[in-house]
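Participant: Predicted coordinates and the sequence they were generated for:
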Amino acid sequence: PIYVWAEGRVIIPAEANTARPGPLSWDGFEYCLEPLERLKFDHPCLRVPVMAAAQTGKSNIGVTWASWMIVRAPRPMGLGVPSRPKAQAFNSKKLQPVIDQTAILRERVVPEGSRKARASTSIQKNYPGGSLTIFSAASVNDLQAESYGALWLTETPNFKAELGSRGSPIGQARSRMDGW
């Protein structure tokens with residue numbers, strides 16, 4: 001399971017705004033295991049909604065899933081947040097610190113500012129077999145930019161109900177997976 005692969009391997013540093021920095025441990029967060037079990041691609045669930053109070057490990061579920069995909073099941077992944085500033089903040093506070101501190105992710109994710117043709121940026125992490133793109137659900141352009149093999153939407157109550165005549169940003173984001 002994803003959670004077994006990640007425990008002790010993924011490092012959640014203090015910079016990621018966690019009360020429990022260090023190697024990932026699910027002690028006291030056992031309720032996070034069920035969503036992670038369902039996020040494997042051979043599971044029959046097509047969607048895994050998680051509704052929980054603030055500061056209960058939801059970001060760690062997503063970061064763990066993304067980490068597992070980068071290493072074990074690479075493909076293009078989209079991470080939708082309510083706005084462009086939220087995309088930048090998610091990268092700097094949650095995602096990049098984990099990449100920087102987790103050896104197996106550092107080895108796979110092309111660094112920002114690299115001279116390689118596929119250098120990562122603050123909103124796109126490139127790795128062999130795919131990339132993780134953090135996009136704004138408030139931007140029609142972001143929602144139409146790429147297709148994804150996996151989709152993670154966070155803070156969805158803060159998404160706009162509709163974007164002009166194009167409908168729900170959640171529906172638009174999900175349609176980017178139609179080819180997969």
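Facilitator: Sure, I can see it.
Participant: Report all helices and strands that the lowest-mean-pLDDT helix or strand in the chain contacts.
Facilitator: Least confident helix or strand, the chain: helix 140-144 with a mean of 90, by mean pLDDT, DSSP states H and E. Counting contacts by 3 or more CB pairs under 8 Å, 6 or more residues apart in numbering; DSSP states H and E, helix 140-144 packs against strand 130-136, helix 169-175. Any C-beta I mention is one placed from the backbone N, CA and C, and that applies to glycine too.
Participant: which secondary structure elements does the last one contact?
Facilitator: I take that to be helix 169-175. strand 77-81, helix 140-144, strand 150-153.
Participant: Just the residues contacting the shortest one, thanks.
Facilitator: Counting by CB atoms under 8 Å, 6 or more residues apart in numbering, the neighbours of strand 150-153 from elsewhere in the structure are 41, 62, 65-66, 69, 75-80, 137, 159, 170, 173-174, 176-177, 180.
Participant: The first one now?
Facilitator: Applying CB under 8 Å, 6+ apart, the set of residues contacting strand 77-81 from outside is 62, 66, 69, 87, 90, 130-137, 146, 148-155, 159, 169-170, 173, 176.
Participant: Could you identify which of the helices and strands packed on helix 169-175 is most buried?
Facilitator: Comparing these by mean neighbour count (mean count of other CB atoms under 10 Å), strand 77-81 comes out on top with a mean of 25.
Participant: Report the rounded mean pLDDT for it.
Facilitator: Averaged over strand 77-81, pLDDT sits at 96.
Participant: and the next element down the chain from it?
Facilitator: Using DSSP states H and E, the next helix or strand after strand 77-81 towards the C-terminus is helix 84-90.
Participant: Let's see the following helix or strand past that next one as PDB, backbone CA atoms only.
Facilitator: Going down the chain from helix 84-90, the next helix or strand is helix 96-101, by DSSP H and E. Output of helix 96-101 as PDB, limited to C-alpha atoms (Å, rounded to 0.1, in the frame of the first residue of the first chain):
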ATOM      1  CA  GLN A  96       9.000  21.700  -2.200                       C
ATOM      2  CA  PRO A  97      10.200  21.200   1.400                       C
ATOM      3  CA  VAL A  98       9.200  17.500   1.200                       C
ATOM      4  CA  ILE A  99      11.000  17.200  -2.200                       C
ATOM      5  CA  ASP A 100      14.100  18.800  -0.800                       C
ATOM      6  CA  GLN A 101      14.200  16.600   2.300                       C
END
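Participant: and the helix or strand that helix 96-101 is followed by, what other elements does it pack with?
Facilitator: Later in the chain than helix 96-101, the nearest helix or strand by DSSP H and E is helix 103-108. In terms of contacts (3+ CB pairs under 8 Å, 6+ apart), helix 103-108 is packed against helix 58-72, helix 96-101.
Participant: Comparing the ones you listed, which comes out most buried?
Facilitator: Most buried among the helices and strands packed on helix 103-108, counting by mean count of other CB under 10 Å: helix 58-72, with a mean of 22.
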